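> Provide a 3D model corresponding to the input given below.
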Amino acid sequence: MRWLTEMGVFAKVVEAGNYATAARQLGWTRSAVSKQVTRLETGLGVKLLHRSTRAMSLTEAGRSVYEQCARLAEAAEEAVAVAGRLSS
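Numbering: from 1, shown residues only. I've put the predicted structure just below:
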């Protein structure tokens, strides 16, 4: 399950464009979001984001991983929606 959380947070960071916005959208601290992305990078053994004090961009590996993470996040959201419809 850890992987799913980390991948979902990574996808949110990419979509939000920065850690602070992603953190607000998730209701987390910026530090917690950053730690999840770092754990994902460590676990996968690849750098996903180029970071500087002013900008963030995807690495080549990050682009490929993001595509898969976004699909997983979308599938998870759909599963929650289906469960909600079935419980009504």
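
> torsion angles phi and psi at the residue nearest the centre of the chain?
Closest residue to the average C-alpha location of the chain: Phe10 at 2.0 Å, with C-alpha atoms, centre = their mean. Phe10 adopts backbone torsions of phi -60, psi -50, taken as degrees, to the nearest 10.

> wait, it touches Val37, no?
Yes - applying C-beta atoms under 8 Å as the test, Phe10 and Val37 come out as touching, 5.3 Å apart. Glycine gets a C-beta too; all of them are placed from N, C-alpha and C.

> list residues touching both of these two?
Common neighbours of Phe10 and Val37 (criterion: C-beta atoms under 8 Å, 6 or more residues apart in numbering): Leu48.

> can you show me the helices along this protein?
Per DSSP state H, the chain carries helices over the ranges 2-16, 19-26, 30-44, 60-87.

> need those helices in TSV with distance to Ser52 and mean pLDDT, can you?
TSV is the format used below for those (distance: least, C-beta to C-beta, whole Å; pLDDT from 0 to 100):
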stretch	distance to Ser52	mean pLDDT
helix 2-16	15	94
helix 19-26	12	97
helix 30-44	14	97
helix 60-87	15	94
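
> let me know which of those helices is tucked in deepest.
Among those, the stretch with the highest mean neighbour count (mean count of other C-beta atoms under 10 Å) is helix 2-16, at a mean of 19.

> now for that one, which elements pack on it?
Applying 3 or more C-beta pairs under 8 Å, 6 or more residues apart in numbering; DSSP states H and E, one finds that helix 2-16 contacts helix 19-26, helix 30-44, helix 60-87.

> quick one: residues in contact with the first one.
So the one you mean is helix 19-26. Helix 19-26 is contacted from outside by 9, 12-13, 15-16, 29-30, 32-34, 37, 56, using C-beta under 8 Å, 6+ apart.

> which pair of those residues spans the longest distance?
Greatest spatial distance in these: Glu15 and Thr29, 18.4 Å, computed using C-beta to C-beta.

> hmm, Val33 is touching Val13, no?
Yes - between Val33 and Val13 there is a contact under C-beta under 8 Å: 6.4 Å.
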